[in-house]
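S.K.: After the sequence you'll find the predicted model.
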Amino acid sequence: MPAADRAGDSEWWCLTVDVLQSVTLPDGTTLDRDEFLGWIWARFGDAGLGGIAEGEVDAAEAAALGLVPSPRVIDAAAAPRDRDWLIDRGVARVTLWFQSAAAAREAAAVLESAAGCSVGIVDRGAAGAADEWRAGFSPIGVPEFGTVRPAWEPGEAGTVAGRTAIYIDPGAGFGTGSHETTRLCLAALAAWADRGGCLGRVLDVGSGSGILAIAAAVRGGARADAVEIDPAVHEAIRANAARNAVASRVSVAAAIPTAAGLHDLVMANIVAEVLLDLADDLCGAVRRDPAGSITGCAILSGLLAADVPRVRAAYAARLGVTPAETSLGDWHCLRFAAGG
Ligand SMILES: C[S@@+](CC[C@H](N)C(=O)[O-])C[C@H]1O[C@@H](n2cnc3c(N)ncnc32)[C@H](O)[C@@H]1O
């Protein structure tokens, strides 16, 4: 049963955990924060854990907790899954939502014996807390694309009159549709489709919840390859694909398959350094005509203004076209296609 379905139950208990950048488990294994959150999900997902919410922890509070030596600046940028942006942040506050007090206490006991995290008390979710938890995943409208809805809302995925509805439960992955970078990608995907661009085969690298691969498949894509380096979210991608009735058209992998072949649309919403590292692979995956000119499209996001020039230059040189650029808030998106 997907996590969000469990989150719909009426009684909730929450456990707050402040997590350093790396944590050592009782068996001596050291995990970075990202891996630790994946481990929590894997360890307690079938033991009453219904949701994980990542929040902020105040710098002074972190120092008072003894988690960092002194108050320091902690980046307050907000992303639904902020691990990718806030690499330098010392401490992250994570709230774990459990279906019963017993499940929460059992998890607290396990987590207390790990080094690198500070476990708070088990508390009854405030009245309406489950609704609050859900409210963080309210429907997102992207005018050019359509709507991203929480998986627990009623309704069917589909595209009507060029507007698409998809249903997503992010689980432990990034990608509810609320982040600017995701919305920019969805709008760019719609722009490509609306101008008659082919969605025959789609590659989504850095898939998170699977939102972009699923959006492309529901928009009419024949096959979407979702590539996500974090195996902890692969199950969420599959569940989301099934929820949107495109499971047979969405494949999931941890790396770009070596025989991935050419794609009509390549999307990657990842930080600039990773996009630069992957430039050869991503550009090599874009479909071309026999003369070598691209006939497919590449959409890149996860870029701050300062990142744009070097990413644009790296990809323009390989793809042979000048990108169209869009932005939302602080975030930018580049769409490379013949004809702009
Ligand atoms: C910002 S999230 C984007 C999620 C989703 N595609 C969206 O647009 O909302 C970036 C994702 O890329 C993944 N990632 C980072 N480096 C990667 C790599 N080299 N290959 C595949 N996935 C990667 C991260 O684990 C994370 O889930």
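M.R.: Received the coordinates, thanks. Residues are numbered from 1 along each chain as shown.

S.K.: Residue 144 in helix, strand or coil?
M.R.: Three-state call for residue 144 (DSSP: H, G, I helix; E, B strand; the rest coil): coil.

S.K.: What residues does the stretch 101-250 of the chain have near the ligand?
M.R.: 173-175, 179, 181-182, 185, 205-208, 211-212, 227-230 (CB under 6 Å from any ligand atom). Any C-beta I mention is one placed from the backbone N, CA and C, and that applies to glycine too.

S.K.: what about burial for these, which qualify?
M.R.: With burial judged by 16 or more other CB atoms under 10 Å, the buried subset of those is 173-175, 179, 181-182, 185, 205-208, 211-212, 227-228, 230.

S.K.: Just give me the closest of those to residue 20.
M.R.: Taking CB to CB as the measure, residue 20 lies nearest residue 230 of these, at 19.1 Å.

S.K.: if we can go back for a sec, which of the buried ones among the residues of the stretch 101-250 of the chain next to the ligand scores worst on pLDDT?
M.R.: Minimum pLDDT across those is recorded for residue 173, with 60.

S.K.: hey, C-alpha coordinates of stretch 190-207 in CSV?
M.R.: Output of stretch 190-207 as CSV, limited to C-alpha atoms (Å, rounded to 0.1, in the frame of the first residue of the first chain):
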residue,chain,number,x,y,z
ALA,A,190,3.8,20.7,-22.7
ALA,A,191,5.4,23.3,-25.0
TRP,A,192,7.3,20.5,-26.8
ALA,A,193,4.1,18.4,-27.1
ASP,A,194,1.9,21.4,-28.1
ARG,A,195,4.2,22.2,-31.1
GLY,A,196,3.9,18.6,-32.3
GLY,A,197,7.1,17.3,-30.8
CYS,A,198,7.3,13.6,-30.6
LEU,A,199,6.8,11.8,-27.2
GLY,A,200,7.5,8.4,-28.6
ARG,A,201,10.4,7.6,-26.3
VAL,A,202,11.2,9.8,-23.3
LEU,A,203,14.2,9.8,-20.8
ASP,A,204,13.7,11.3,-17.4
VAL,A,205,17.0,11.4,-15.5
GLY,A,206,16.8,12.3,-11.8
SER,A,207,13.2,11.1,-11.7
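
S.K.: Off-centre distance for it?
M.R.: Taking the mean C-alpha point of stretch 190-207 and that of its whole chain, the gap between them comes to 18 Å (CA atoms, centre = their mean, to the nearest Å).

S.K.: Show me where the stretch 1-150 of the chain has its helices.
M.R.: Taking DSSP state H, counting those that start in this stretch to define them, one finds helices in the stretch 1-150 of the chain at 3-6, 33-44, 59-64, 101-112, 129-135.

S.K.: can the second one be found next to the ligand?
M.R.: I take that to be helix 33-44. No. Interface with the ligand: helix 33-44 contributes nothing (CB under 6 Å from any ligand atom), its closest point being 7.5 Å away.

S.K.: and that helix, what does it pack onto?
M.R.: Packing contacts for helix 33-44, counted by 3 or more CB pairs under 8 Å, 6 or more residues apart in numbering; DSSP states H and E, involve strand 13-24, strand 49-55, strand 92-98, helix 101-112.

S.K.: Most tightly packed of those?
M.R.: Ranked by mean neighbour count, those are led by strand 92-98 with a mean of 22 (mean count of other CB atoms under 10 Å).

S.K.: what lines up beside that strand in the sheet?
M.R.: Strands adjacent to strand 92-98 in the sheet, as given by DSSP bridges, are strand 13-24 (antiparallel), strand 49-55 (antiparallel).
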